[in-house]
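[1] dropping the sequence and predicted coords here.
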Amino acid sequence: MLIEDDADLFALLKYNLEKEGFQMVGAHTGKGAIDLCRRERPDLILLDIMLPDSDGLDICKGIRARPELAHIPVIFLTARASEADRIVGLELGANDYIVKPFFIRELIARIKIQFRPQTAPQRSLRSGALELDRNACRVFQGGEEVTLTATEFRLLEFLMSRPSVVFSREQLLDAVWGHDRAVTDRTVDVYVLRLRQKIEGDAGGPGYIRSVRGFGYSFNEQSQADGERVATA
């Protein structure tokens, strides 16, 4: 996906990327860019910073804040060339930062780097005595298997794989239940309570799933006395 207000550059990139075998969609303005990403689910996003109606930095922040989009590589294409601008862009979550003018061949090479094979996901997630086996869809607490529903498993897996990150109820609904759902924010609270009852030694004083007042929930990677972090089995 390309978000770029320069019509000539947009057309040039579209021609060259499609010649390389990529399919490209995009827009000339930033308005509705995040909704477009949510609808199209692109494999990579090329994003201008200085758009006529939006700030590309804010769009990048919005992409990284949404669980269903957060994994998508983002490459900034911008005339902002200072070191400070580059640092800000990368710290906001961009995978690469390319300053205009640039060579098309270099851009294509950098795009292809983002599609190199990634390390396989961890088979198991562990924190203290709690272990989640992704392949077998099973959970163990202190060596004893814990029976979870499919939704409880997905919720626990999502939180465990992103330790210490605080997610709102809406973000958890989008990530675990999806957009086509007929449930409310209260559903998240109910499922968290059920999980705590099953995996916590004391559901009234939970150590694994932490509540963040006024916002949502987070998986506490330091939940056990030994401070064991989530790691590969």
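    Received the coordinates, thanks. Residues are numbered from 1 along each chain as shown.
[2] contacting residues for L130?
    By CB atoms under 8 Å, 6 or more residues apart in numbering, L130 lies in contact with V139, F140, Q141, M160, I199, Y208, S223. (C-beta placed from N, C-alpha, C; glycine too.)
[3] can we see that at 6 Å?
    Contacts for L130 (CB atoms under 6 Å, 6 or more residues apart in numbering) come out as Q141, I199.
[4] check which helix or strand P206 maps to.
    Counting by DSSP states H and E, no helix or strand carries P206.
[5] check whether G56 really touches L46, as I assumed.
    No: at 10.2 Å, G56 does not count as touching L46 under the criterion of CB atoms under 6 Å.
[6] hey, where'd the helices end up in the protein?
    7-19, 33-40, 56-64, 83-91, 104-114, 150-160, 169-172, 185-199 (DSSP state H).
[7] T147 and S211, how far apart?
    Noted for T147: a distance of 24 Å to S211, by CB to CB, to the nearest Å.
[8] nope, Q114 is what I was after
    36 Å.
[9] go on, E18?
    E18 is 48 Å from S211, by CB to CB.
[10] tell me which of the two has more neighbours.
    S211 (14 against 11; other CB atoms under 10 Å).
[11] skipping its backbone neighbours, what lies nearest that one in space?
    Closest residue to S211 apart from its sequence neighbours, by CB to CB, 6 or more residues apart in numbering: Y217 at 6.1 Å.
[12] burial check on that neighbour, number of neighbours?
    24.
[13] show me what it is bridged to.
    Judged by DSSP bridges, the bridge partners of Y217 are F167, S211.
[14] likewise D48?
    Beta-bridge partners, per DSSP bridges, of D48: L77.
[15] and it, what's its pLDDT?
    Predicted confidence (pLDDT) for D48: 96.
[16] contacting residues around stretch 71-91?
    In contact with stretch 71-91 (CB under 6 Å, 6+ apart) are residues 44-49, 60, 94-100, 114.
[17] perfect, that will be all.
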